[in-house]
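Colleague: got a predicted structure here, sequence first:
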Protein chains: 2
Amino acid sequence: MYRIAVFSVLICGLGWAQPASDSLPATSNVRGAQYPRVYPDLRVAFQIKAPGAQKVQLQPGGDDNGLGKGPFEMARGDDGTWSVTTPPAVPGFHYYWFVVDGVAVSDPASETYFGYGKQCSAVEVPEKGADYYLPKGVPHGDVRAHWYYSKTTAAWRRAYVYAPPDYDRNARTRYPVLYLQHGAGEDERGWTTQGRANFILDNLIAAGKAKPMIVVMEQGYAVKPGAAPSQPGAGRGPQQPSAFEEVVINDLIPMIDAAYRTLPDREHRAMAGLSMGGGQALQIALTHLDKFAYIGSFSSPLRGGADLKTIYGGAFSDPAAFSKKVRLLWFGAGTGEERMYKPALAMHQDLETGGIKNVFFESPGTSHEWQTWRRDLNDFAPRLFQ
Amino acid sequence: MYRIAVFSVLICGLGWAQPASDSLPATSNVRGAQYPRVYPDLRVAFQIKAPGAQKVQLQPGGDDNGLGKGPFEMARGDDGTWSVTTPPAVPGFHYYWFVVDGVAVSDPASETYFGYGKQCSAVEVPEKGADYYLPKGVPHGDVRAHWYYSKTTAAWRRAYVYAPPDYDRNARTRYPVLYLQHGAGEDERGWTTQGRANFILDNLIAAGKAKPMIVVMEQGYAVKPGAAPSQPGAGRGPQQPSAFEEVVINDLIPMIDAAYRTLPDREHRAMAGLSMGGGQALQIALTHLDKFAYIGSFSSPLRGGADLKTIYGGAFSDPAAFSKKVRLLWFGAGTGEERMYKPALAMHQDLETGGIKNVFFESPGTSHEWQTWRRDLNDFAPRLFQ
């Protein structure tokens, strides 16, 4: 495009005003945008130009994702710029939107991140001393958008595939594979765009903490031809049948094993996911133990008090057989998300009591959001394929 | 995420209302969103729920990108849903936004596309009988987000790299490379996300019309450490120095030749771009003819009446030497974008008169937008490396 005049008008809304000096633009912003800005004490300042609006609010995604309990009323400046500064936030990646005269709108100064079934704004609030998810001076893997045809859905699908550093150079090396799923309302882009899974793996691999592995991220929605279309974000637990399980087993895994240099056996295949995706990982992996030896559930909606003998196709009914087969069963949740934390801890304890060894990991202070899931991956990945 | 209640509230804004029956949701929408919808005669219907707004308009990107000359006033329904249907549009990919009480906002029902220095809504209006840019039942290449360190900018950068079908299987084959740049206000995602360059190449390669090639797409912005930051979209013609030329020559090309199985000589290297990116391609390739043999300028802002002997470092001063070296010099523009079309045609004719053989391609009826550039690529790519 080459429409400078139009563009100059537009950037007025993007917050290139003179910023407060001890704060920095969020790394989640579009290039050059000065707001949102994060202060050293993790207060976050937001701005939007809306001279004609009567009322503007800042609404954090979810009830309280770490940005504070919204909505926050924004104040109008003389030039029609509306501003608000939140109290200190919990470090992490927080979805938000503005509500302009009652309409939820994205912040034009933010990159967009697919969540809640739409492209959302979000702000990255850095965690002091934590650099495990940042791009560092280490070899980087690449993230490949890979199209393939699904017989189950009779349609082309797109998977995101992380190929570890030097995958192309080590032309004879074969790699284990982690299948890693997003949450409801998100899609195959979430784990790299929001979660920075590729940088987490790069850093773990460079430090010798995790085995080099391929990570496959798909969209956890699938409908068969003629079936009613599913809506993004509609929570689909194990109760709600979805063609996604068939896609994974019959289309995705065979495609990945054919297109990439994988170690195509159960001992070298893991599945994990966050929230809805964790439910899918448990459902798919536990009912296909011939295909998976490592299983992770990050902040999933687990049912409390379930009969361990019968759930997941009876996978837990014979603890001795289970423990022989499954190398890792891993549950995680943030201490700031009681709704996910409590059932996960209960499941962990019930399984331990029942003789099923498993790991429980808690993320201190974080809620149902990506900082929890980054920490999860950072703990989970080093335990794989060892 | 697993917040069904919140999500249910949100999706009310995404237009899942009962749609008109002879229209179809645009393929540029987020999954499941029913609006925008395209009618068989290419009228486009837009909707947004905004009960509290006083005035809502639809604004096409640019003065007239094919969607019609805006702004279009939207009408409020009883339930607070605002609607408008445009006159029949020109086929193509059209940026737009809503203006809610004077504030330009994205349509939550649209995917987002980086343009105008922000994440924009856009609507795909299909072209009857044209399927060259659609995903078809042919082998697909993948698109790789590839991180690398630039010494010029002292920072990590991300390139998008199209690897042709079976790149990983043909482990001994080396490939020619096309460097392909986006326009001002866009970035390295544009050519695949908006332009569908990967599908265009997939289809050309499958039909035997184009040689299998690697396509490298970078972000055309670069600043050296300590230099003033550039703003996205600020039109940077050859007049305005940018570190991007140094990035391409000193960082990007050596990295690509090391990381991919390229044919690393000038006879197997092309550069092209659209609008600002076409200006960059001409500037970089014409002043580095030791590195490039194929050059394309799509809808670039060319200066009329320039002295052919001196521009681009005197590249045109010796027509015989030039014609011996350069296998293809290619100019394109849409007939609907007079500001780009006229100077490109004049440049073509001046060069022909001056003994510099070159191709001029016109895209009938299309403006300064992606349908023009898709057609450009579809004509340009088959002429490369033959």
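Modeller: Received the coordinates, thanks. Residues are numbered from 1 along each chain as shown, chains lettered A, B, ... in the order given.

Colleague: so is stretch A:165-175 next to chain B?
Modeller: Yes. Shown here: stretch A:165-175 in contact with chain B (CB under 8 Å from any CB of the partner chain) through A:168, A:171. Quick note: C-beta positions are derived from backbone N, CA and C, even for glycine.

Colleague: in that stretch, what's buried?
Modeller: A:165, A:167-168, A:175 (16 or more other CB atoms under 10 Å in any protein chain shown).

Colleague: next: stretch A:255-267.
Modeller: Applying a neighbour-count criterion of 16+ other CB under 10 Å, the buried positions in stretch A:255-267 are A:255-256, A:259-264, A:266.

Colleague: near chain B, from those?
Modeller: A:259-261.

Colleague: how far away from the center of its chain is stretch A:84-103?
Modeller: Offset of stretch A:84-103 from its chain centre (CA atoms, centre = their mean, to the nearest Å): 19 Å.

Colleague: next one: stretch A:133-150
Modeller: In terms of CA atoms, centre = their mean, the centre of stretch A:133-150 is found 15 Å from the chain centre.

Colleague: same deal with stretch A:141-161?
Modeller: So, by CA atoms, centre = their mean, the centroid of stretch A:141-161 is 18 Å from its chain's centroid.

Colleague: mind pulling the model confidence for the closest residue to chain B within the stretch 251-386 of chain A?
Modeller: Closest residue of the stretch 251-386 of chain A to chain B, CB to the nearest CB: A:Ser275 (4.3 Å). Note on A:Ser275: pLDDT of 97.

Colleague: quick check, A:Tyr133 in a helix?
Modeller: No. Using DSSP: H, G, I helix; E, B strand; the rest coil, the assignment for A:Tyr133 is coil, not a helix.

Colleague: that one and A:Arg374 touch, don't they?
Modeller: Yes. With contact defined as CB atoms under 8 Å, A:Tyr133 counts as touching A:Arg374 (4.9 Å).

Colleague: these two: which has the busier surroundings?
Modeller: Each of A:Tyr133 and A:Arg374 has its neighbours counted (other CB atoms under 10 Å in any protein chain shown); A:Arg374 has more, 26 against 23.

Colleague: and the helix of greatest length in chain A, what does it pack against?
Modeller: Identified as the longest helix of chain A according to DSSP state H is helix A:338-353. Here helix A:338-353 touches strand A:328-334, strand A:359-363, going by 3 or more CB pairs under 8 Å, 6 or more residues apart in numbering or on different chains; DSSP states H and E.

Colleague: and the longest one with chain B, contact?
Modeller: Yep, that's strand A:328-334 we're talking about. No. Using CB under 8 Å from any CB, strand A:328-334 stays clear of chain B, with a minimum separation of 11.6 Å.

Colleague: so what touches that strand?
Modeller: By CB atoms under 8 Å, 6 or more residues apart in numbering or on different chains, the residues outside strand A:328-334 that reach it are A:270, A:272, A:293-300, A:302, A:340-341, A:344-345, A:347-348, A:351, A:356-369, A:371-372, A:375-376, A:379-380, A:383-384.

Colleague: please, which helix or strand holds the residue positioned nearest the centre of chain A?
Modeller: Geometric centre of chain A, nearest residue: A:Trp191, 4.3 Å, by CA atoms, centre = their mean. Element membership for A:Trp191 (DSSP states H and E) is helix A:190-193.

Colleague: now that helix: how far from the chain's centre is it?
Modeller: The answer for helix A:190-193 is 6 Å, by CA atoms, centre = their mean.

Colleague: now whichever helix or strand comes after it: average pLDDT?
Modeller: Later in the chain than helix A:190-193, the nearest helix or strand by DSSP H and E is helix A:197-206. Average pLDDT, helix A:197-206: 98.

Colleague: stretch A:338-347 too?
Modeller: 95.

Colleague: repeat that for stretch A:323-333.
Modeller: 97.

Colleague: chain center to it: distance?
Modeller: 20 Å.

Colleague: in stretch A:70-81, what's buried?
Modeller: By 16+ other CB under 10 Å, the buried positions in stretch A:70-81 come out as A:70-72, A:74, A:81.

Colleague: endpoints of it, how far apart?
Modeller: Using CA to CA, to the nearest Å, the end-to-end distance of stretch A:70-81 comes to 20 Å.

Colleague: report the rounded mean pLDDT for it.
Modeller: 96.

Colleague: which residues touch it?
Modeller: With CB under 8 Å, 6+ apart as the test, stretch A:70-81 has contacts from A:17, A:46-53, A:56-60, A:82-84, A:86, A:96, A:98-99.

Colleague: which ones among the residues you listed also lie next to chain B?
Modeller: A:48-53.

Colleague: and the least confident of those residues?
Modeller: A:Gly52 (90).

Colleague: which SSE is that one in?
Modeller: A:Gly52 belongs to no helix or strand, assigned by DSSP H and E.

Colleague: ditto for A:Ile256
Modeller: helix A:253-259.

Colleague: could you do A:Leu67 as well?
Modeller: Short version: A:Leu67 belongs to no helix or strand, going by DSSP H and E.

Colleague: close enough to count as contact, it and A:Thr85?
Modeller: No. The pair A:Leu67 / A:Thr85 is not scored as a contact, 11.5 Å apart, by CB under 8 Å.

Colleague: quick check: neighbours shared by the two?
Modeller: Common neighbours of A:Leu67 and A:Thr85 (CB under 8 Å, 6+ apart) are A:Val44.

Colleague: higher neighbour count, these two?
Modeller: Neighbour count, other CB under 10 Å: between A:Leu67 and A:Thr85, A:Leu67 has more, with 29 against 18.
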